[in-house]
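Participant: Output the structure for:
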Amino acid sequence: MSRESPYAMVAIDDAQRLIRERVVVLGHELIDIRGGLRDAAAAAAGRVLAHPVHAAGPLPDVPKSAVDGYALQSLDGTAPRRVVAEITAGGGDAGALAAGEAMRIMTGGALPAGADAVVMVEQTSERDGVMTAHRAPRAGDAIHRVGQDIAAGDLVLAAGTTLGIAEIGLLASIGTVAVSVARQPVVAVLATGDEVFEPDAALPVAGVRDSNRYALLAAARDAGCRVVSLGIAPDDAATQRRAILDGLERADVLLTSGGVSMGTRDLIKPLLAELGTVHFGRVAFKPGKPTMYATVAGKSVFGLPGYPVSSLVSFEVFVRPMLRRMQGDAAPDRPIVEVALADAITPSPDRPEYQRVVIRARGGRLAAHTTGGQGSSRLLSLRGANGLLIVPPGGRPYPAGALLQALLTGPLAP
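Facilitator: Residues are numbered from 1 along each chain as shown. Presented below is the predicted three-dimensional model:
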């Protein structure tokens, strides 16, 4: 019996291309950014716009004061002016202002007809209803012009934009509460293995707690998806087959954990080959060489390794970009940045490796600090990491100060 894998080893770029070619963008749905819930903004946060949003009208819609002060005519210079009214923000039309007059105005108040400037209150004095400006105002001073922030018809948010804090605020500011967004993919996650148990179960000898399923469910949520937990399937072909079909029935994408290596009880690859098409079964990268990708009835299935770090790094490199593309995200890939090594590191001799690092801004450039031991089972190597250092293979260590690329997976560390 051959001890070789039946699957050719593919390069990382080729694996990513094979996945991209099979991305199916999901349908659209209309959501209200108010949500009708206490947690309204959270319902829109993270969703991806399916269509562009344009402004129906200008913002501001009328000239408004940028400060607390006095609305006036600049041609009057510093001559004393009679204060004839007070305008509050949202107070409506205060009428027209004539030469020699001023109106007290609050920040955001609509400029009265005839006024072409506002002088801030700190630059004035007022006594017995007469205001004197301490300097000559110029036309346009302290005024927010019509359309200064957004003109009528302006593109406010493009299709493919992910809604965040500023985007939700912008939509509210132009009066757009209903927007079309891509449907969130449903991701089902199945753990496999006789040795795998729920985290709170009593462990037998050689048993392991199921960290992968819960971490992958969290990773899929973080990628903007809804999730389904399929539990743990023991190493039995019929049981795993039923679980795979159940996941495909309930979800758009299926992730399995474990059962993709060369052991006699590694059943996922042959099952997926039977049910659909395996597009790759091994990838030339570390950690996660046994990662596989298949399609069954047009749906994507990823067989991820059983080691926790391998599983999550494979998700980051191969699965997450696809899930973002399925939502129409215009920028589905994590940024790649150049970093200087803070520590010497040893590369894998034969495969590119994604080492876990903490990336900080130091001395005008980005520095990458290792998270310690990089073993595939050491989940602690991911704790606090905000980057995956892309280490080309080779026979010599990379010294501190060497420049390499890294996938930036989170905000820069302090």
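
Participant: Show me what residue 182 is bridged to.
Facilitator: For residue 182, the beta-bridge partners under DSSP bridges are residue 28.

Participant: Sorry, slip of the keys, the one I care about is residue 356.
Facilitator: residue 388.

Participant: ok now do it, which residues does it touch?
Facilitator: Residue 356 makes contact with 309, 313, 370, 371, 374, 381, 382, 385, 387, 388, 389, according to CB atoms under 8 Å, 6 or more residues apart in numbering. Where C-beta positions appear, they are placed from N, C-alpha and C, glycine not excepted.

Participant: repeat for residue 319
Facilitator: Applying CB under 8 Å, 6+ apart, the residues contacting residue 319 are 219, 223, 253, 255, 302, 304.

Participant: Tell me the confidence at the fourth one?
Facilitator: Read that as residue 255. Per-residue confidence (pLDDT) for residue 255: 98.

Participant: May I have the strands that pair with the helix or strand that contains residue 119, each with its orientation?
Facilitator: Element membership of residue 119, judged by DSSP states H and E, is strand 117-120. Paired strands of strand 117-120, with direction, are strand 69-72 (antiparallel) (DSSP bridges).

Participant: can you list the residues that contact the strand it pairs with?
Facilitator: Strand 69-72 has contacts (CB under 8 Å, 6+ apart) with 65, 81, 83, 87, 97, 101-105, 109, 111-112, 115, 117-121, 123-124, 131, 133, 137, 142.

Participant: re the thing from before, restricting to C-alpha, output the strand holding residue 119 in CSV.
Facilitator: Only the C-alpha atoms of strand 117-120 are listed here, as CSV (Å, rounded to 0.1, in the frame of the first residue of the first chain):
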residue,chain,number,x,y,z
ALA,A,117,-20.5,86.4,8.3
VAL,A,118,-20.5,85.3,11.9
VAL,A,119,-18.1,86.7,14.5
MET,A,120,-17.5,84.6,17.5
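
Participant: Please, where are all the helices along this protein?
Facilitator: Remark: helices assigned in the chain by DSSP state H are 12-20, 40-44, 165-173, 211-222, 237-250, 268-275, 308-314, 320-326.

Participant: For stretch 82-98, buried residues please.
Facilitator: By neighbour count on 16 or more other CB atoms under 10 Å, the buried set for stretch 82-98 is 83, 84, 87, 94, 97.

Participant: just these: which has the poorest pLDDT?
Facilitator: Lowest pLDDT among the buried residues of stretch 82-98: residue 94, with 81.

Participant: okay but it is in contact with residue 112, surely?
Facilitator: Yes - here residue 94 reaches residue 112: they are 4.8 Å apart, a contact under CB atoms under 8 Å.

Participant: what do these two both touch?
Facilitator: Listed contacts common to residue 94 and residue 112 are 85, 87, 103; contacts here mean CB under 8 Å, 6+ apart.

Participant: Give the single residue among these positioned nearest to residue 286.
Facilitator: Closest approach between the shared contacts of residue 94 and residue 112 and residue 286, by CB to CB: residue 87, at 67.7 Å.

Participant: wait, the closest one sits on residue 112?
Facilitator: Yes - the pair residue 87 / residue 112 is scored as a contact, 6.7 Å apart, by CB under 8 Å.

Participant: Where in the protein is the helix or strand with the lowest mean pLDDT?
Facilitator: helix 40-44 (a mean of 66; mean pLDDT, DSSP states H and E).

Participant: ok, residue 366 - contacts?
Facilitator: 337, 338, 339, 340, 359, 360, 406, 412.

Participant: go again using 10 Å as the cut-off
Facilitator: Residues near residue 366 by CB atoms under 10 Å, 6 or more residues apart in numbering: 337, 338, 339, 340, 359, 360, 387, 403, 406, 408, 412.
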